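Colleague: this one's structure only:
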Ligand SMILES: [Zn+2]
């Protein structure tokens, strides 16, 4: 800060003062604060504790302190005296420029100051580039970490989550229902080929329309989803999507991603034991997780391919989403939250329907599909019977929706 202390009288161009301080054994604690003034022959310090003077001839100018922020003045003839200021404006005083030996020192000091700034800018730049780079490379890094996790761990993890989840509401056990469900899932699994995951499908009594997959291969289907679906192809569409979440390892990728940079660094330091710990303690979290839109898209695309490989009409995937959207229209109040948990974990449904419809357009028009060796209406009725719901030959006229069977 420049203090215009001497604007009156014959001050002249050098008559400026700078806030600063001085070291001298005569001061209390050896130090004092005050003002510096550069005259034509000497640099003067004036403070409450006293006054000091350093001749300009032979003056030594250096930088010091944190980040070289302080300018120090010393003189070899006065080894106990040091005056200083943080105000670098002092270096611009013309008397320094007029004395070649001082001008040289000022030039050196200012060069150092610049290079210090340059070093800090470089360090900052490197840090910034690292952070930006890490974020840009984040998904590849997440995938790299995930690749190091053996599928067996995922299976164990899914097992832990499944046990904890089904302790309150165990899956329905019924040989006949299992057989019918197998008629639906068998062709799908054949379609996806070799996988390290032992897929198991379970029906759980739950009156929300939902299905989800745990890492490692457990797929849980809510009874209401089967009862609300209009065809086996619709259920297959949902299951293919869930299977894709497993094969694309979305749960583990999610855990790795949400565990953050710490995790990634830990991994690159070579310690993966932590990873297992984090995963295991997150087993419950797996039940409530939501996938990103990217993962949902990937599951849609991969599931779609699985359906085609299994010779199942993939349009069931679309009509099921449309059924959900319809439910939404028909149930404007509380029932919506009840019945639409699949939508809440699978958001942006209209966007997804639009994407899938594009895919459907690309299919050959005359393509025939094998379908399933399953009477879907009978399957639904078996389930209703098991749930002790009223077994009906046709759907009851509760909703205005039409179209009850495949
Ligand atoms: Zn999904």
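Modeller: Perfect, I can see it now. Because the structure is a prediction, the values reported are computed rather than measured.
Colleague: could you list the domains of this structure?
Modeller: Domains of the chain are assigned by automatic domain parsing as 2-116, 138-386.
Colleague: can I get these in JSON lines including mean pLDDT?
Modeller: What follows is the domains of the chain, written out as JSON lines (pLDDT from 0 to 100):
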{"stretch": "domain 2-116", "mean pLDDT": "85"}
{"stretch": "domain 138-386", "mean pLDDT": "82"}
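Colleague: quick check on residue 374: phi, psi?
Modeller: Dihedral pair for residue 374: phi -150, psi 130, per degrees, to the nearest 10.
Colleague: what sits against residue 244?
Modeller: Going by Cβ atoms under 8 Å, 6 or more residues apart in numbering, residue 244 touches 298-303, 306. Any C-beta I mention is one placed from the backbone N, CA and C, and that applies to glycine too.
Colleague: selection in ChimeraX covering whichever of those are buried, please.
Modeller: The ChimeraX command for the buried members of those (criterion: 16 or more other Cβ atoms under 10 Å) is given here:
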select :298,299,300,301,302,303,306
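Colleague: quick one: which of the contacts of residue 244 is nearest residue 164?
Modeller: The closest of the contacts of residue 244 to residue 164 turns out to be residue 299 (Cβ to Cβ; 23.5 Å).
Colleague: wait, residue 83 sits on residue 50?
Modeller: No: with contact defined as Cβ atoms under 8 Å, residue 83 does not count as touching residue 50 (11.7 Å).
Colleague: more neighbours: which of those two?
Modeller: Comparing residue 83 with residue 50 by other Cβ atoms under 10 Å, the one with more neighbours is residue 83, at 25 against 13.
Colleague: who's that one bridged to?
Modeller: residue 22, residue 73 (DSSP bridges).
Colleague: now do residue 221
Modeller: Taking DSSP bridges, one obtains residue 203, residue 211 as the residues bridged to residue 221.
Colleague: I'd say it and residue 211 touch.
Modeller: Yes: between residue 221 and residue 211 a contact is recorded at 4.6 Å, counting by Cβ under 8 Å.
Colleague: what touches both of the two?
Modeller: With Cβ under 8 Å, 6+ apart, residue 221 and residue 211 have common neighbours 238-239.
Colleague: give the contact list for residue 306.
Modeller: Residue 306 is in contact with 188, 191-192, 240, 243-244, counting by Cβ under 8 Å, 6+ apart.
Colleague: which members of the contacts of residue 244 additionally contact the ion?
Modeller: Contacts with the ion within the contacts of residue 244, as defined by Cβ under 5 Å from the ion: residue 299.
Colleague: got TSV for the contacts of residue 244, with secondary structure and distance to residue 92 too?
Modeller: As requested, these are arranged in TSV below (DSSP: H, G, I helix; E, B strand; the rest coil; distance: Cβ to Cβ, whole Å):
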residue	secondary structure	distance to residue 92
298	helix	63
299	helix	66
300	helix	67
301	helix	66
302	helix	68
303	helix	71
306	helix	75
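Colleague: how far is stretch 157-164 from where the chain is centred?
Modeller: The chain centre lies 25 Å from the centre of stretch 157-164; the measure is Cα atoms, centre = their mean, to the nearest Å.
Colleague: list the buried residues for that stretch?
Modeller: Across stretch 157-164, burial judged by 16+ other Cβ under 10 Å covers 157-162.
Colleague: then stretch 30-47?
Modeller: Buried-residue list, stretch 30-47, by 16+ other Cβ under 10 Å: 32, 34-38, 42-47.
Colleague: ditto for stretch 167-183
Modeller: By neighbour count with 16+ other Cβ under 10 Å, stretch 167-183 contains the buried residues 171-172, 177-178, 180-181, 183.
Colleague: straight-line length of that stretch, end to end?
Modeller: 27 Å (Cα to Cα, to the nearest Å).
Colleague: and residue 195, how far from the ion?
Modeller: 18 Å (Cβ to the ion, to the nearest Å).
Colleague: do the same with residue 156
Modeller: On the measure of Cβ to the ion, residue 156 and the ion end up 22 Å apart.
Colleague: so that residue is in which element?
Modeller: Secondary structure from DSSP states H and E places residue 156 in helix 151-166.
Colleague: check the offset of that helix from the chain's centre.
Modeller: Taking the mean of its C-alpha atoms, helix 151-166 sits 24 Å from the chain's own mean (Cα atoms, centre = their mean).
Colleague: what's whichever helix or strand comes after it packed up against?
Modeller: The element immediately downstream of helix 151-166 (helix or strand, assigned by DSSP H and E) is helix 175-192. Other elements packing on helix 175-192 under the criterion 3 or more Cβ pairs under 8 Å, 6 or more residues apart in numbering; DSSP states H and E are strand 200-204, helix 232-247, helix 293-309, helix 376-386.
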